[in-house]
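1. Kindly generate the corresponding structure for this input.
(2 chains)
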Number of protein chains: 2
Amino acid sequence: MSKEITARSEEYAKWYNDLVIKGGLADYSAVRGCMVIKPYGFALWEAMRDVLDVKFKETGHQNAYFPLLIPKSFMSKEAAHVDGFAKECAVVTHHRLKNDPNGGGVIVDPEAKLEEELIIRPTSETIIWNTYKDWIQSYRDLPLLINQWANVVRWEMRTRLFLRTAEFLWQEGHTAHATAEEAIAETEQMLNVYGDFAEQYMAVPVIRGVKSASERFAGAVETYCVEALMQDGKALQAGTSHFLGQNFAKAFDVQFSNKENKLDYVWATSWGVSTRLIGGLIMVHSDDQGLVLPPRIAPLQVVIVPIYKGADQKTALDEKVNVIVAELKKAGIRVKYDDNDNNRPGWKFAEYEMKGVPVRIAIGARDLENNVAEVARRDTKEKMSLSLDGLAGRISELLEEIQTNLFTRAKNFRDEHITRVDTFEEFQKVLDEKTGFVSAHWDGTAETEEKIKELTKATIRCIPLDNPQEAGTCVLTGKPSKERVLFARAY
Amino acid sequence: MSKEITARSEEYAKWYNDLVIKGGLADYSAVRGCMVIKPYGFALWEAMRDVLDVKFKETGHQNAYFPLLIPKSFMSKEAAHVDGFAKECAVVTHHRLKNDPNGGGVIVDPEAKLEEELIIRPTSETIIWNTYKDWIQSYRDLPLLINQWANVVRWEMRTRLFLRTAEFLWQEGHTAHATAEEAIAETEQMLNVYGDFAEQYMAVPVIRGVKSASERFAGAVETYCVEALMQDGKALQAGTSHFLGQNFAKAFDVQFSNKENKLDYVWATSWGVSTRLIGGLIMVHSDDQGLVLPPRIAPLQVVIVPIYKGADQKTALDEKVNVIVAELKKAGIRVKYDDNDNNRPGWKFAEYEMKGVPVRIAIGARDLENNVAEVARRDTKEKMSLSLDGLAGRISELLEEIQTNLFTRAKNFRDEHITRVDTFEEFQKVLDEKTGFVSAHWDGTAETEEKIKELTKATIRCIPLDNPQEAGTCVLTGKPSKERVLFARAY
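-> All right, here's what the predicted structure looks like:
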């Protein structure tokens, strides 16, 4: 194989990077912490975006677009919000370059200083709630259900492709409601949209829960999240949905007259998922041979590789394969016939394995005679000889089988890696040896949470929804506790 | 009517702004020169984007995503490019805010100054060609056909919603080729994609041509453009496609080994259209009652307004209308049944007229008895009584008739406003009185072009493709000329 991949057992982080780069998903850029999303990676993001966009619209949301730049003063209007984001803001201070009069190339024109500095949005609550002030007067204007697909910048010091980049792509929903109940129902609805998307499309099982107070979004009353488990036993937050109470409405003075004609502050939610999801997708399914992509969001679901000697065999194959391609396309399957002469079949097999294409069909002159093709699954590496008659129908079924198998495999792994512990010794041992989620009692204080993080690098990933209530004692302090929470080391 | 619109005859610019704001397309934001694209405006952009995206993919392009931020030093690598864009660059100089120790709120942290300032992309040639350097080694890597949907920032001093904003949304294609011929063919292909899109979807007739040297994109060898004519007789550039020669390949040292195994610089194109197109769309079709949108890109093609007294009539109407809605949707028509109780039918008529919905169907109790509905066209304001039997088929036809009528009407207006002149007196008179394009001889020099602009505010919009060659004398200098070019005042 021309492109070697580090084995997971050797160095998981390096394996991950190899897959992202050699799989053609993304690459480093000349700008610190920013990545280039390459065509194959962007096609994957488009497939995910298109599914989510339909789900957002089905639940009554409309897309809009708000400015990239936010006046610095807006950031400090909501106290918790500025504390959360101030440290990672990219700041625009000037609006012009000019030629250096001393011949030093191009310089920032000192005379083009902005009166007020602008922040590149790290998230858009402030600019959006400043706008909603003009849009909302009466209960008739509510609910206001808006989503934005956008780029955001958070100046991270330690970056990793997809998982943590200074600029990333995401969607952010921002809704306004007349009552707390409606806003909470919206927050939970969108959490379930994310959860269902992760499980049904990404084949990534997730735990739905709420964050502890310390892990909440800066400015939220409650942060709901979906948490996934990677193959290396670390957790990854795959999406969050925030109930913001009236915090932003008060910060930006957004009031409405209710049905009783009295003024009240509006109730808010926000929710988002980002290109980070791609990082999670890779770490749940892929293997030492490359990416493994779930069929429902794979940019390419089936690749057909011809095996032939000479032009006559090729012509005969082309004729048959063109019919097969048409049948697969008719069945709604994303298929490519790779008859590029420059690469040998073996190279192509390795390349599409690397790229995680769910099904590979190889077909040669003898297969034609026998009216069969060799079909290989990327997930199990199983190979089978299938009749060319009714092939499209069988491939459709196979894609669904692969989708289901990926989910089941990931769910079994995840379920095996949720360990109940009752002592701190066990707690540490599980984190170090077995890894995964640790279900333990906690006394509910931020101090204990912080102490556990210091000692173990594990954080509370979530308090699962519908968590069984069970009397116990905190794994660290021995103080009384009413329920277990899920800890893990996390990305 | 609740929302009054300034008449075009009174003040065209104010009419335009009224339509954008009261039609719910966009609004000013708290950030100088940046707009908020509201849901209705964004749905229009999505409809346009989706058509273009399919056309780009059909012509072999793939989407990707490059960083928002560009190192300052990149901007000066291509000399003409930096001259064109330096004056309007938003510059990021710091990466952190902090609390003012003197209690003055939040301030830029002076210790978080970037080593090298970053520019928010005004266009992405520099960062992309810096990346292509790593992607292109051999002729086998060519052509490289990539498009990006993105936001860009150009610090404009005088802004107008959609037409000229500090931040705007666009797509930018960036392609790399082995030969000049291939790159020119790509440039022309994409010009025709834009031209066909404008004419077939936006119903906006365009003239395809090339720019004079003075009006070229900063860094281009040749700039092709499509030019449209607004109702007020001013022109608007609706899209550009640039042949960049080897300028960026040389600036970023992008060489490839050709089939003869010799190193050569790569040939480049770039091409883009932006949210500016929405401004042009409005000014070509709309009227004093509001927006007029072409059916093929209208977010909503048909609205149905029920007219009733009491719950019984409403129930009977609902039953029938739900069947009609299902039939229209089955025919692929974007339809809304507006049975909102809070607004009277008259208010709704005005509202959807304002929003430019191509077809309005009003249906009342007596209509039900007669098995008919009142159907009104937005473009001609014609009303007709149509049988409910086979209504979906008739509405589909009607939408196509409206699409064709809008294009024909705009084309007739445009054609009537191309005036051949042979003296400078006529030239000025046409610009001042009749307005539109002036077809005149020009001596080919930048000096004359500049002088004409000073005297008349008109610029050379384009030299049409396949322009007839005709001996003549320059309208200003009397010097010899081989062809006419199109002048106009422009947005």
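
2. Excluding chain neighbours, what is closest to the residue nearest in space to the middle of chain A?
-> Taking C-alpha atoms, centre = their mean, the centroid of chain A lies closest to A:Leu277, which sits 1.6 Å from it. The shortest distance from A:Leu277 to any residue other than its chain neighbours is 6.1 Å, reached at A:Ala238 (C-beta to C-beta, 6 or more residues apart in numbering or on different chains). C-beta here means a position set from N, CA and C on the backbone, and glycine is covered the same way.

3. Next: A:Ile361.
-> A:Ile304 (4.6 Å).

4. and what of A:Gln189?
-> A:Thr59 (6.3 Å).

5. so who does the residue nearest to the centre of chain A touch?
-> A:48, A:198, A:202, A:238-239 (C-beta atoms under 8 Å, 6 or more residues apart in numbering or on different chains).

6. Show me those that map onto strands.
-> If you go by DSSP state E, these have A:238-239 in strands.

7. Quick check: of the contacts of A:Leu277, which lies closest to B:Phe437?
-> A:Met48 (46.0 Å; C-beta to C-beta).

8. residue ranges with poor pLDDT in the stretch 201-350 of chain A?
-> Within the stretch 201-350 of chain A, no stretch has pLDDT under 70.

9. all strands for it, in order.
-> Along the stretch 201-350 of chain A, counting by DSSP state E, counting those that start in this stretch, strands occupy A:207-210, A:222-229, A:235-245, A:255-257, A:263-265, A:267-274, A:302-307, A:335-337.

10. would TSV of those strands with mean neighbour count be doable?
-> Putting these into TSV (neighbours: other C-beta atoms under 10 Å in any protein chain shown) gives the following:
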stretch	mean neighbour count
strand A:207-210	21
strand A:222-229	26
strand A:235-245	25
strand A:255-257	18
strand A:263-265	13
strand A:267-274	26
strand A:302-307	23
strand A:335-337	19
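
11. Which of these sits closest to B:Ile37?
-> Using C-beta to C-beta, the strands of the stretch 201-350 of chain A put strand A:267-274 closest to B:Ile37, at 18.6 Å.

12. Is any residue of the closest one near chain B?
-> No: judged by C-beta under 8 Å from any C-beta of the partner chain, strand A:267-274 makes no contact with chain B; its nearest approach is 12.6 Å.

13. can you pull the buried residues of stretch A:156-164?
-> A:156, A:159-164 (16 or more other C-beta atoms under 10 Å in any protein chain shown).

14. near chain B, which residues of the stretch 251-400 of chain A?
-> A:Asn342.

15. I figured A:Tyr12 hits A:Ile282, correct?
-> No: using C-beta atoms under 8 Å as the test, A:Tyr12 is too far from A:Ile282 to be in contact (11.2 Å).

16. Tell me which of the two has more neighbours.
-> More crowded of A:Tyr12 and A:Ile282, by other C-beta atoms under 10 Å in any protein chain shown: A:Ile282, with 26 against 17.

17. where does the stretch 101-250 of chain A come near chain B, residue by residue?
-> Checking the stretch 101-250 of chain A against chain B by C-beta under 8 Å from any C-beta, the hits are A:105-106, A:108, A:117-120, A:127, A:130-131, A:134, A:140, A:146, A:150-151, A:153, A:155, A:167, A:169.

18. Just to be sure, which of those are found in strands?
-> Taking DSSP E as the definition of strands, these contribute A:106, A:108, A:117-120, A:146, A:150-151, A:153, A:167, A:169.

19. Buried ones among these?
-> A:106, A:108, A:117-120, A:146, A:150-151, A:153, A:167, A:169.

20. Now do the contacts for A:Asn258.
-> A:Asn258 makes contact with A:139, A:178, A:264 under the criterion C-beta under 8 Å, 6+ apart.

21. What pLDDT does the model give the first one?
-> To tie it back to what came earlier, the one meant is A:Tyr139. Looking at A:Tyr139, its pLDDT stands at 96.

22. just the angle between the longest helix along chain A and strand A:222-229, please?
-> As assigned by DSSP state H, the longest helix anywhere in chain A is helix A:391-416. Interaxial angle, helix A:391-416 versus strand A:222-229 (axes from the mean of the first three to the mean of the last three C-alpha atoms, to 10 degrees): 110 degrees.

23. helices and strands around helix A:391-416, which ones?
-> strand A:222-229, helix A:276-285, helix A:310-330, strand A:359-364, strand A:372-377 (3 or more C-beta pairs under 8 Å, 6 or more residues apart in numbering or on different chains; DSSP states H and E).

24. What are the buried residues along the third one?
-> What that stands for is helix A:310-330. A:313-314, A:317, A:320-321, A:324-325, A:327-328.

25. List the buried residues for stretch A:103-117?
-> A:106-109, A:112, A:114, A:117.

26. Thanks again, I'm all set now.
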